[in-house]
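Colleague: Sequence and computational prediction follow.
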There are 2 protein chains.
Amino acid sequence: MNSAVGTPPGTSADRAVTLKHGAGGRAMRRLIEETLTAGYAALATPGGDRVIGLAAMDDGAAIPLGDAWLVVTTDAHVIHPIVFPGGDIGRLAVCGTVNDLAMMGATEPLGLTCAMIVEDGFPRTELERVQRSMVEACREAGTTVVTGDTKVMGRGEVDGLVLSTTGIAVTRTIVSDAGLRPGDRLIITGTIADHGIALMAKRHGLAFDEELRSDVAPLNGLVRSALAAAGGAIVAMKDPTRGGVASCLHEMADKSRTCVVIHESVVPMTAGVRSAAELLGLDPFQIANEGKAIMGVRGDDAAVACVLTALRAHALGRDAAVIGECVDGPAGRVVLDTGFGRRLMSEVEGDPLPRIC
Amino acid sequence: MNSAVGTPPGTSADRAVTLKHGAGGRAMRRLIEETLTAGYAALATPGGDRVIGLAAMDDGAAIPLGDAWLVVTTDAHVIHPIVFPGGDIGRLAVCGTVNDLAMMGATEPLGLTCAMIVEDGFPRTELERVQRSMVEACREAGTTVVTGDTKVMGRGEVDGLVLSTTGIAVTRTIVSDAGLRPGDRLIITGTIADHGIALMAKRHGLAFDEELRSDVAPLNGLVRSALAAAGGAIVAMKDPTRGGVASCLHEMADKSRTCVVIHESVVPMTAGVRSAAELLGLDPFQIANEGKAIMGVRGDDAAVACVLTALRAHALGRDAAVIGECVDGPAGRVVLDTGFGRRLMSEVEGDPLPRIC
């Protein structure tokens, strides 16, 4: 188990924000819980107790609106380099935001906002490229950018380009990331670790036989198909972005107060990612994805088959697979069955890959 | 008149984004129109033609939702220094976003989102201070932060702390910034240039006899009072932030295709701001405000008096004043009547004060 889990908060090492606090793992969750959500609990919210807000730490918030929910989600995108195999920061921003909405069950975005922070001297041609990517990703997702903001910082005050996007949608049914219980099966919608490994290879100028490309894609269409096919069988969803499948499962298991078992041999992964991860000494379960979802499915084999069929019929879900299940066991524990034995799946504490999204 | 108005876009000097593109003036509007909104027009939007979106370049977007409007607005906050007389970046972020909603007539925010971009090594005590300011500003505005994101960039990759906030609200009536026509009176809700001048004084370590403080405050309560008192007499609103009163009036006049006359002698300004602006060689009409609104009021003197009375009854509107009117004349022209004669009120092209918000 990760030794840092027991580190008391507020030690001297924690008196500054460091890269580990941006890694999507335990350190980040501690920072948010200790510092960033403090105080808000005392404030009244328009939806009262029904609001799914900061304290839930889900992919977004949900505010009751008549007999439906207004879902809102936000992300800052600080990826480096801004252009990478399979996408760029513009595509990433749109897809990341659309996917966070989709993970709450909100697959029809009303629109996105985009605040752009640009370094003085940034080439307009690059900005135009990013903008075209955003438009194209919006087209794929069936949404658009409805409002924005532009700020310029001096040279050396920000590295190139940062995008903050927010997405809004209305949905009648919310899917949370905390809905698992023993007996539920876990499906992943495709191969893991493509985004992070492609980034690392690009950043370090590594060439592999097989081209490594980010999986960055808008998942709302895929999720819509699955939800339509499954009725209410999909009881939890989350996308394994920063911190990878490991962080994602830890969060789902923690919040659901359940135990998860994953079968390593059936987790989809390309041969290229597998060998690159080995070469780079990285655990693919800890590597970011930007076009995958993990779904908890309740019900018999027929229900699971129905979800799998719907996913595999979609271009972004061809490699969907059942990778594990929830079992009776210690709440929040994630077990990896390697085929040769079982071990705890470790979650990132620090930041193996800074600025991955 | 500003000589740069005639500069053709796409000249070599414009092939990079520079500080002037973040100044809230003409250069920024050109960048947005030429680059950042391109392509989106071809995309379908959920609300169809009724959406007030990017092309309107208003303070936010409005999406039809049943018989009401969903208003959404976003801003990145890159202010330096992050703590200044009268506030800090946290208060600024909450107020800026609440005010952009209020300027569209949406005075009851459903909630805010906050994406935080932190530099590695940033002190947690400062982050906690900013967070407390956000909570306090939320309390004043009657709203809360419902979801967020945290990213950490390396040392030297971002200067300290950047906050991106988005606000959402539902309203039955939209007030646009393009609703002026000849005969309308223009009211400002209080003294001008306080925010920008306080920032400049702090940044340059200048001491003046009178303490200079930013006016940063949430205006939704003030606007709610005025809208309630005025019936439909308030036909246009905008807050004079980046680029100051001059940019704000130019935008309102441009979009309304009307001509505006402002009477300099009646524009509220503190003695401290007046002398500091003179000393610093700055035009107070071009200096940012963070707690003021400009309102266009239609109707007879009684209607105007009614709005003024409502504003002055509120702590944030004590110095409200009628400062001018819309007249027949060239569309988009803003005239300053100095009492000794008339001249065009010039708008910022470049950036007299970078990172002011």
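Modeller: Received, thanks.
Colleague: Determine which residue belonging to the stretch 151-300 of chain A approaches chain B most closely.
Modeller: Closest residue of the stretch 151-300 of chain A to chain B, Cβ to the nearest Cβ: A:Val152 (3.0 Å). The way it works is simple: take the backbone N, C-alpha and C, and place the C-beta from them, glycine included.
Colleague: so what's the residue lying closest to A:Gly160 once chain neighbours are set aside bridging to?
Modeller: For A:Gly160, ignoring the flanking residues on the chain, the nearest one in space by Cβ to Cβ, 6 or more residues apart in numbering or on different chains is A:Glu119 at 5.4 Å. When assigned by DSSP bridges, A:Glu119 has beta-bridge partners A:Met153.
Colleague: where does the stretch 1-150 of chain A dip in pLDDT?
Modeller: Along the stretch 1-150 of chain A, segments meeting pLDDT under 70 span A:1-14, A:45-48.
Colleague: ditto for the stretch 201-350 of chain A
Modeller: In the stretch 201-350 of chain A (pLDDT under 70), the answer is A:350.
Colleague: ok, A:Gly190 touching A:Asp319?
Modeller: Yes: the pair A:Gly190 and A:Asp319 qualifies as a contact (Cβ atoms under 8 Å) at a distance of 4.2 Å.
Colleague: quick one: buried residues of stretch A:29-44?
Modeller: A:29-32, A:35-37, A:39-40, A:43 (16 or more other Cβ atoms under 10 Å in any protein chain shown).
Colleague: about what we covered before: tell me which of A:Gly190 and A:Asp319 has more neighbours.
Modeller: A:Gly190 (25 against 16; other Cβ atoms under 10 Å in any protein chain shown).
Colleague: A:Phe285 and A:Leu336 touch, don't they?
Modeller: Yes: assessed by Cβ under 8 Å, A:Phe285 is found in contact with A:Leu336 at 7.4 Å.
Colleague: Which one of these two is surrounded by more residues?
Modeller: The neighbour count for A:Phe285 versus A:Leu336, taken as other Cβ under 10 Å, is higher for A:Phe285 (26 against 22).
Colleague: And for the closest residue to the more buried one other than its chain neighbours, the neighbour number?
Modeller: Excluding the flanking residues, the one nearest A:Phe285 by Cβ to Cβ, 6+ apart is A:Ala246, at 4.4 Å. Residues near A:Ala246, counting by other Cβ under 10 Å, number 24.
Colleague: same deal with A:Asp209?
Modeller: 8.
Colleague: quick one: it and A:Gly272 touch, right?
Modeller: Yes: using Cβ under 8 Å, A:Asp209 is in contact with A:Gly272, at 7.3 Å.
Colleague: Show me where the stretch 151-300 of chain A has its helices.
Modeller: Secondary structure of the stretch 151-300 of chain A by DSSP state H, counting those that start in this stretch: the helices cover A:194-203, A:220-230, A:244-256, A:271-280.
Colleague: re the thing from before, overlap in contacts of A:Phe285 and A:Leu336?
Modeller: Common contacts of A:Phe285 and A:Leu336, defined by Cβ atoms under 8 Å, 6 or more residues apart in numbering or on different chains, comprise A:Met345.
Colleague: buried sites along the top helix by length along chain A?
Modeller: Longest helix in chain A by number of residues (criterion: DSSP state H): helix A:124-141. Neighbour-count burial for helix A:124-141, counted by 16+ other Cβ under 10 Å, picks out A:124, A:126-127, A:129-135, A:137-141.
Colleague: Could you confirm whether it reaches chain B?
Modeller: Yes: with Cβ under 8 Å from any Cβ of the partner chain as the criterion, chain B is reached by helix A:124-141 at A:124-125, A:127-128, A:131-132, A:135, A:138-139.
Colleague: now, which of the residues you listed sits nearest A:Gly156?
Modeller: Taking Cβ to Cβ as the measure, A:Leu127 is the one of these closest to A:Gly156, at 18.6 Å.
Colleague: how far away is the closest residue to the closest one other than its chain neighbours from A:Met134?
Modeller: In this structure, A:Leu127 finds its nearest non-sequential neighbour in B:Thr35, 5.8 Å apart by Cβ to Cβ, 6+ apart. From B:Thr35 over to A:Met134 the distance is 11 Å, taken as Cβ to Cβ, to the nearest Å.
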